[in-house]
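> structure for this input, please:
(one chain, ligands or ions: 2)
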Amino acid sequence: MHNIVFHNVSKSYGNKEVIKQLDFEIREGERVVFLGPSGCGKSTTLRMIAGFEDITAGELRMGGTCINAMAPGKRNIAMVFQSYALFPHMNVWENIVFGLKIQKLEPSEIKKRADEALAMLHLEGFEQRPVRSLSGGQKQRVALCRAIVKHSPYFLLDEPLSNLDAQLRQRARQDLVRIHEANRSTMIYVTHDQVEAMTVGQRIAVLHNGMLQQIAVPQEIYDNPANTFVASFIGSPAMNLVTAKLDGGSLIMGNTAMPLPQRLIAALAGRSDVIVGIRPENIRLLPEEQAGLKGCCQYTENTGNLQTILLHLADGDKLFVQSSGVRRAVIAGDHAGIEFSWEAARFFDTATGCNLQVHKKGEM
Ligand code: ADP
Ligand code: MG
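Ligands and ions are numbered 1, 2, ... in the order given. Prediction:
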């Protein structure tokens, strides 16, 4: 079995703890994305799995065996680094087969694996090219080939596409998913890009300050973020988060009191305030006179299929509203009302930022 299990894994550099108590499992054959901002500990976590960094506390198990002290070469891992780490004086072919020659594989097997990888990544015909003559995208694909030919049960990728332009990235993403569907290795893909995470991951592990915030399928991360950090990291623009007061049976945003349905009154009982989270696409614009919540449009962005509007509410809160199909174009300076359904709202604790999961309690 080729799973990876973290048991309270922590990592410190000196007295600075950069990874805190990771405790989760990556299942055999699964494609998991580590997502988080720069410096949150993604690379460090990957490097601990690969054996390039010591584990300060806890236990890391691969395939049922504790690997805390196992040498990197024994872990049967293929890894792709953001920096490519190719041999600059070798050509494409030599780079790809280097590791296999060290392993003393049969020449026929080496050729078979290399040809297969070159075809997967559309690099046929590049075999004799010196690496230094390649573009960034081509180097990246050579680095991927070199990892793929190892046929390892574990495949670790650290921001492998970050040096590519947008179009190449999309194609490379599709290639990677296709390769994974074919070889079913246990794959971890590191990125700070939420779109990449949503499209590549079967599950996404969101990291922040060395701590796991949430691990779930992409749609769950999007629909039901575990806390305000995850809510504000996923989505473009991210989920709107507005602090509101609770009074009797009403939610008060700014000066506007909105009566709550009974199930929310019950679920939020005893609280005086709460953070309300609403995705921009779940807010509808109305003529000003028809709505309780009103605001003024500060700026708009139109991408053809989507209009994104930044609305300043009268009390100073700011909200993004997004609508597909620009039926009623709004321009800066326009006044508008908004509405949203309680089913689309998420509620977070004002002190901890944790999702109160109230929409799961009682009927919707
Ligand atoms: P990410 O890959 O998510 O951008 P890293 O894993 O590279 O983040 O870094 C996590 C934290 O650990 C950062 O605060 C970084 O400064 C720190 N760090 C990484 N490597 C070292 C090191 N060798 N010595 C000290 N601190 C380090
Ligand atoms: Mg990194």
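
> drop to CA atoms for contacts and neighbour counts, all remaining ones
Will do.

> now do the buried residues in the lowest-mean-pLDDT helix or strand in the chain.
Lowest mean confidence among the helices and strands of the chain (mean pLDDT, DSSP states H and E): helix 166-183, at a mean of 87. For helix 166-183, burial by neighbour count (16 or more other CA atoms under 10 Å) applies to 169, 172-173, 176-177, 179-180.

> could you dump those to a markdown table with distance to ligand 1?
Below are the buried residues of helix 166-183 laid out as a markdown table (distance: CA to the nearest ligand atom, whole Å):
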| residue | distance to ligand 1 |
| --- | --- |
| Arg169 | 19 |
| Ala172 | 21 |
| Arg173 | 19 |
| Leu176 | 20 |
| Val177 | 22 |
| Ile179 | 24 |
| His180 | 22 |
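
> ok, these vs Thr65, which is closest?
The closest of those to Thr65 turns out to be His180 (CA to CA; 23.8 Å).

> just give me how far the least confident helix or strand of the chain sits from the chain centre.
16 Å (CA atoms, centre = their mean, to the nearest Å).

> ok, stretch 224-242 next?
On CA atoms, centre = their mean, the centre of stretch 224-242 falls 12 Å from that of its chain.

> show residues contacting stretch 129-137.
Contacts to stretch 129-137, defined as CA atoms under 8 Å, 6 or more residues apart in numbering, come from residues 86-92, 139, 163-164, 168.

> neighbour-wise, give me the winner out of those.
Val92 (28 neighbours; other CA atoms under 10 Å).

> follow-up on the earlier one: quick one: which of the contacts of stretch 129-137 sit in helices?
92, 139, 168 (DSSP state H).

> which one among those gets closest to ligand 1?
Of all the ones in helices among the contacts of stretch 129-137, Lys139 has the smallest distance to ligand 1: 20.8 Å, by CA to the nearest ligand atom.

> how about the residues of the chain by ligand 1?
Applying CA under 6 Å from any ligand atom, we find that the chain lies next to ligand 1 at 13, 18, 38-44.

> which among those end up buried?
Buried by 16+ other CA under 10 Å: 18, 40-44, out of the residues of the chain next to ligand 1.

> which two among those residues are spaced furthest apart?
Largest separation among those by CA to CA: Val18 and Ser43, giving 11.0 Å.

> now the stretch 101-250 of the chain against ligand 1: closest residue?
Gly210 (7.0 Å).

> can you classify Phe347 as helix, strand or coil?
strand (DSSP: H, G, I helix; E, B strand; the rest coil).

> show me what contacts it?
Phe347 makes contact with 274-277, 355-358, according to CA under 8 Å, 6+ apart.

> low-confidence stretches in the chain?
325-328, 361-364 (pLDDT under 70).

> where do the helices of it begin and end?
In the chain, the helices defined using DSSP H lie at 42-50, 92-102, 107-120, 136-148, 166-183, 194-200, 218-223, 228-233, 262-267.

> for the longest one, packing partners?
Helix 166-183 makes packing contacts with helix 194-200 when contacts are defined by 3 or more CA pairs under 8 Å, 6 or more residues apart in numbering; DSSP states H and E.

> check the offset of the helix it packs on from the chain's centre.
Relative to its parent chain, helix 194-200 has a centroid offset of 6 Å by CA atoms, centre = their mean.
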